[in-house]
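A.B. asks: Predicted structure and sequence below. I'll ask about it afterward.
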Amino acid sequence: MEDISLHILDIVENSMKANAKNVRIELIEDKKKDTLTIKIIDDGEGMNEETKKQASNPFFTTKEGKRIGLGLAFLQQSAEESGGKIKIDTDRDKGTKIIATFGLSHIDRKPLGNIDETIRCLKSTHPEINFSFKYKTNNVKK
């Protein structure tokens, strides 16, 4: 993935495949902590414990006809390259929350990309899904 907006697109695609009707995307830029956090929260089918354990393994997928699932693995790699991490919070039939934290000023953090275009694309191509997007920042001068 070239930028963070493509990671968002990929993870939201997973939400839609899990029959989510509501997807919330949050982008939090915290200059005090030097972090960029992305939260993707859905009300889809969620994952069972075994799937959750394997979710960031690139050689595991629940998609029929595929042998690899790279979305979460690539997101985890991108986050870790910038000193961050991902967290997956999910329960079967209760949805999933993916939280990816990146080092905001880390030289290896991928650029944001075109977040505006990504959100517009999601909303226009999937009008049946209620998308919400929130961007927060604490512009702190040092």
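C.D. replies: Sure thing, it's come through. Residues are numbered from 1 along each chain as shown.
A.B. asks: who's in contact with whichever strand or helix holds N14?
C.D. replies: N14 is part of helix 4-17 when elements are defined by DSSP states H and E. Helix 4-17 is contacted from outside by 1, 23, 25, 36, 38, 40, 42, 44, 63, 71-72, 74-75, 78, 96, 98, 100, 102, 110-115, 117-118, 121-122, 126, 129, 131, using Cβ atoms under 8 Å, 6 or more residues apart in numbering. Placement of C-beta: from N, CA and C, glycine included.
A.B. asks: Which entries within those meet the buried criterion?
C.D. replies: Buried by 16 or more other Cβ atoms under 10 Å: 1, 23, 25, 36, 38, 40, 42, 44, 71-72, 74-75, 78, 96, 98, 100, 102, 110, 112-113, 115, 118, 122, 129, 131, out of the contacts of helix 4-17.
A.B. asks: Let's see which of those residues end up in helices.
C.D. replies: G71, L72, F74, L75, S78, I115, T118, L122 (DSSP state H).
A.B. asks: and which of the residues you listed is nearest N139?
C.D. replies: Nearest to N139 out of those is I115 (Cβ to Cβ; 17.1 Å).
A.B. asks: you'd agree D89 is in a helix?
C.D. replies: No - if the criterion is DSSP: H, G, I helix; E, B strand; the rest coil, then D89 is strand and not within a helix.
A.B. asks: which residues touch it?
C.D. replies: T96, K97, I99.
A.B. asks: Let me have the residues you listed in JSON lines, extended by distance to K52 and pLDDT.
C.D. replies: Below are the contacts of D89 laid out as JSON lines (distance: Cβ to Cβ, whole Å; pLDDT from 0 to 100):
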{"residue": "T96", "distance to K52": "9", "pLDDT": "95"}
{"residue": "K97", "distance to K52": "12", "pLDDT": "96"}
{"residue": "I99", "distance to K52": "14", "pLDDT": "97"}
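A.B. asks: From the residues you listed, which land in strands?
C.D. replies: Counted as lying in strands by DSSP state E, out of these, are T96, K97, I99.
A.B. asks: Can you tell me how far K87 is from D3?
C.D. replies: Distance of K87 to D3, given as Cβ to Cβ, to the nearest Å: 21 Å.
A.B. asks: Comparing those two, which residue is more hemmed in?
C.D. replies: Between K87 and D3, D3 has the larger neighbour count (other Cβ atoms under 10 Å), namely 16 against 12.
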